[in-house]
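K.L.:
got a structure for you, letters missing:
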């Protein structure tokens, strides 16, 4: 599956239901989807149908999965990832994902939780990996963790297919899966902290901040101040860790966000320019033309 340069489109539950509905008879054995919960159980045909819809996609919900067999190659939040079997996968709200390739024989189990799902966490008690500080992670784990996650997902699958299932039981099982993923993430983060180079740690933090703030903060100095580093040191470290300049990372993220607004909103170019904190529409248009080779209006209308 080839990577696309088109802007991200929202791929929430409503959009997935619309895509899957014409095929539901053939995939019902491996997919469950309601307005608040989705489950993929083994066969990834439902994922393949969604991924045909011209990625990249923007995600506005929580998705947790395990890759039992095969490999996935995807661009997730500006970073290319190769996800192998025996991995747990988390994708959170705000993620931009573009699948590049799947193994022919793929076996995936996972759930998606929409904003309408009644999570049983009090204010301030959401597991760390789900409280907005982590956008995504993909971690290779031992067989014990894979089995535990698989058992929980299998039980959720069994419950939703009962005629009158107990919603509290379902909610508790989803919470248990979230706690499992949170524990895996924390353990992995501790290992990375002990084993990764300082340069890689700085780059990871920088990229997280860029994904969070690039809409309004276009200059490296902001990120350097946020990380309590000098602008020169941050720029040198990012280039050393990634092979790409810090400004290029900021521009990539900003251009993706601008393309989303141009293609998927009715806002005027002047309004987008103001919301993205450009000095004026003329500066905005020159920046977009310099970064993409086309004018904002040409991109919006598709006159390429």
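P.N.:
Nice, thanks for sending it over. Quick caveat: nothing in here was measured; it's all calculated off a predicted structure.

K.L.:
the protein: strands as residue ranges?
P.N.:
Under the criterion DSSP state E, the chain contains strands at 9-10, 31-33, 37-42, 57-58, 62-69, 71-76, 79-84, 87-91, 96-102, 107-113, 136-140.

K.L.:
distance to residue 257 for those - can I get that in CSV?
P.N.:
Quick note: C-beta positions are derived from backbone N, CA and C, even for glycine. Putting those into CSV (distance: least, Cβ to Cβ, whole Å) gives the following:
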stretch, distance to residue 257
strand 9-10, 13
strand 31-33, 28
strand 37-42, 26
strand 57-58, 10
strand 62-69, 21
strand 71-76, 15
strand 79-84, 16
strand 87-91, 18
strand 96-102, 9
strand 107-113, 23
strand 136-140, 17
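
K.L.:
what pLDDT is listed against the most centrally placed residue in the chain?
P.N.:
Geometric centre of the chain, nearest residue: residue 95, 2.7 Å, by Cα atoms, centre = their mean. Residue 95 is assigned 90 on the pLDDT scale.

K.L.:
which residues touch the residue lying closest to it once chain neighbours are set aside?
P.N.:
Of all residues not flanking residue 95 in the chain, residue 59 sits nearest, at 4.4 Å (Cβ to Cβ, 6 or more residues apart in numbering). Contact analysis of residue 59 by Cβ atoms under 8 Å, 6 or more residues apart in numbering lists 11, 12, 91, 92, 93, 94, 95, 96, 97.

K.L.:
separation between residue 59 and residue 299?
P.N.:
Counting by Cβ to Cβ, to the nearest Å, the separation of residue 59 from residue 299 is 23 Å.

K.L.:
residue 230 too?
P.N.:
36 Å.

K.L.:
okay, the two: which has more neighbours?
P.N.:
residue 299 (19 against 12; other Cβ atoms under 10 Å).

K.L.:
can you get me a residue count around the residue nearest to the more buried one when sequence neighbours are not counted?
P.N.:
Distances taken as Cβ to Cβ, 6+ apart place residue 262 nearest to residue 299, at 5.5 Å, with adjacent residues excluded. Other residues near residue 262 number 19, with proximity taken as other Cβ under 10 Å.

K.L.:
gap between residue 262 and residue 204?
P.N.:
Residue 262 sits 30 Å away from residue 204, going by Cβ to Cβ.

K.L.:
ok, residue 60 touching residue 116?
P.N.:
No - at 11.5 Å, residue 60 does not count as touching residue 116 under the criterion of Cβ atoms under 8 Å.

K.L.:
out of these two, which sits in the busier spot?
P.N.:
residue 60 (15 against 11).

K.L.:
for that one, give its distance to residue 298.
P.N.:
28 Å.

K.L.:
longest helix in the chain, by number of residues?
P.N.:
helix 167-195 (DSSP state H).

K.L.:
for residue 89, give me its contacts.
P.N.:
Contacts of residue 89 (Cβ under 8 Å, 6+ apart): 63, 64, 65, 66, 67, 83, 110, 137, 138.

K.L.:
for residue 164, see how far away it is.
P.N.:
The span separating residue 89 from residue 164 equals 32 Å under the rule Cβ to Cβ.

K.L.:
low-confidence bits of the stretch 1-150 of the chain, can you list those?
P.N.:
Scanning the stretch 1-150 of the chain for pLDDT under 70 picks out the ranges 1-7.

K.L.:
looking at the contacts of residue 89, which is nearest residue 160?
P.N.:
Nearest to residue 160 out of the contacts of residue 89 is residue 110 (Cβ to Cβ; 13.8 Å).

K.L.:
if that closest one is in a bridge, with which residues?
P.N.:
Residue 110 has these beta-bridge partners by DSSP bridges: residue 40, residue 65.

K.L.:
that one against residue 72, yeah?
P.N.:
No - assessed by Cβ under 8 Å, residue 110 is found out of contact with residue 72, at 11.6 Å.

K.L.:
shaky segments in the stretch 201-304 of the chain?
P.N.:
303-304.

K.L.:
cutoff 80 now
P.N.:
The stretch 201-304 of the chain contains residues with pLDDT under 80 at 263, 302-304.
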